[in-house]
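> show me how the following folds:
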Amino acid sequence: MNTFCITDFGARTDGTLCTAAIQAAIDACFKAGGGEVTVPAGTFMTATVRLRSHVTLHLLKDACLLGSRDAEDYTHWLEDAVEPLDAEKAKLESAVTAKDPFTFNYVCARWRNSLIRAFRAEDIAVIGEENAVIDGADCYDPHGEEGFRGPHAVGFEECTGITLKGYTVVHSANWAHCIFHCRDITAEHIRVMGGHDGVHFRSCDRVTVKNCVFHTGDDAVAGFDNTDVLVEDCEINTACSGFRFGGTRVTVRRCRLFGPAEFMHRFSLTEEEKQQGAAALPAAHHRKNMLSAFTYFADDSRMVRELPGEFLVEDCRVENVDRLLHYNYSGNETYQKNRPLSDITFRNLKASGIRMPLTLYGAPECPVTAVFDGADIEMAEGVPLMQAAHFERIEWNNVKTTDPRVRVWTAGAVTGDTAVTVERANEPFFTEAI
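Sure, this is the predicted structure:
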């Protein structure tokens, strides 16, 4: 296998910006037909580097890619002589002229800046050994999202055959992984600490995420319009949603989701703290509750190709979150206005410290089905189990809850189109309709 070390191309650990040297190593590997580009032990400062087909970026033990804190350093990748982006830049310019509200979807948009980029590549990988780190340096961008977010750590578009393994992402200035329109993705043994979204997939197919740790400031696992997704054996802690996700044939298995959050959303920092890259650690003025374990997601920024559904959550544990489930298609949710969810199943679920009712508000034209097959749900004192409307069926098998108005069910189902009205002990099973 061809192997190229970035230090052979001039990369240094003295604080010098090494973008050109790292890119030169990647380009040499690409032109040689592919292989591996190694990053040895030490800290190498860089801005955007473009990963190319059949190239593995291999961070050796104690290697660190440290992002530049100058947001303008991340725009130079657009001038790519090896695989020019002229057509993509023209598309962006046309979109801006037409005042397209979703210009962030375009590959060359500033919002898509990332420390490691790939576009229309195949058979690519980022692999890390022990203590390998990708550090986004909380790069501050006054022209970025929300007036402060900088580049993503890893940003891939229209790629096939992706392996992400073994490294830790810290201080990501926006999402740790921004992956759009990609196929055949495996992410395993990755850690994301702080920053924003842990992994965010949009319009991706055949995705596997396993044995990862996501302690994030924003959603841990996010995205929509995805098909054939498996997330298993992951640890999730966040100040937002554990999953803010939509897709078809999605399985979440053996995951632990828990609050309170270790890291806050960076939006809660002061402007000065954002500019300085201050850590978003818990403080008196920061919210630290985990909003939801599972939130449905499908906004209007792109077409959803298949009806979302076949969503299975099994053998999972949820602790100390506001909501266990938040599906609200009532029309007042910014991120739930695309195609609705058809069904979701929870199997062998154990949840404790849940502070708000489960929300299951389906679309009138597509009533949702929810199945709970083996569940032990501990609600906060006085909190009803669920609010529900516009559903096809809610099925309960071997479910136990601390809601005093609900007995233990061994088997049963209820149906309706506005709210559940099954009575027991003169109390409705669901005490609130929405």
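> pLDDT below threshold where in the stretch 151-300 of the chain?
282-286 (pLDDT under 70).
> from T238, how far out is the residue nearest to A280 when sequence neighbours are not counted?
Nearest residue to A280 in three dimensions, chain neighbours excluded: M264, at 4.2 Å (Cβ to Cβ, 6 or more residues apart in numbering). Just so you know, the C-beta spots here come from the backbone N, C-alpha and C atoms, and that holds for glycine as well. With distances taken as Cβ to Cβ, to the nearest Å, M264 is found 10 Å from T238.
> common neighbours of these two, please.
Contact with both M264 and T238 is made by residues G217, according to Cβ atoms under 8 Å, 6 or more residues apart in numbering.
> and those two? Which one has more around it.
Counted by other Cβ atoms under 10 Å, M264 and T238 do not tie: T238 has more neighbours, with 33 against 24.
> so which residues of this structure form helices?
Secondary structure of the chain (DSSP state H): helices located at 19-31, 86-97, 271-276.
> select, out of those helices, the one closest to V318.
helix 271-276 (31.0 Å; Cβ to Cβ).
> any chance you could list what contacts the closest one?
Identification of contacts with helix 271-276 by Cβ under 8 Å, 6+ apart yields D138, Y140, F148, R266.
> out of those, which are buried?
D138, Y140, F148, R266 (16 or more other Cβ atoms under 10 Å).
> could I get the residues you listed as JSON lines with distance to E130?
Shown next, in JSON lines, are the buried ones among the contacts of helix 271-276 (distance: Cβ to Cβ, whole Å):
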{"residue": "D138", "distance to E130": "24"}
{"residue": "Y140", "distance to E130": "30"}
{"residue": "F148", "distance to E130": "33"}
{"residue": "R266", "distance to E130": "28"}
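> let me know the closest of these to V154.
Closest to V154 out of the buried ones among the contacts of helix 271-276 is D138 (15.9 Å), distances taken as Cβ to Cβ.
> isn't the closest one right up against N174?
No. Taking contacts as Cβ atoms under 8 Å, D138 lies outside contact range of N174: 10.0 Å.
> which neighbours do those two share?
Common contacts of D138 and N174, defined by Cβ under 8 Å, 6+ apart, comprise G150, G195.
> so how far is F119 from the nearest residue to A380 once chain neighbours are set aside?
Excluding the flanking residues, the one nearest A380 by Cβ to Cβ, 6+ apart is R355, at 4.7 Å. R355 sits 43 Å away from F119, going by Cβ to Cβ.
> who's more crowded, those two?
Using other Cβ under 10 Å as the criterion, R355 and F119 rank with F119 on top: 21 against 16.
> isn't D27 up against E83?
No. The criterion here is Cβ under 8 Å, and D27 misses it with E83 at 9.4 Å.
> so what's in contact with these two at the same time?
Common neighbours of D27 and E83, counting by Cβ under 8 Å, 6+ apart, are R52.
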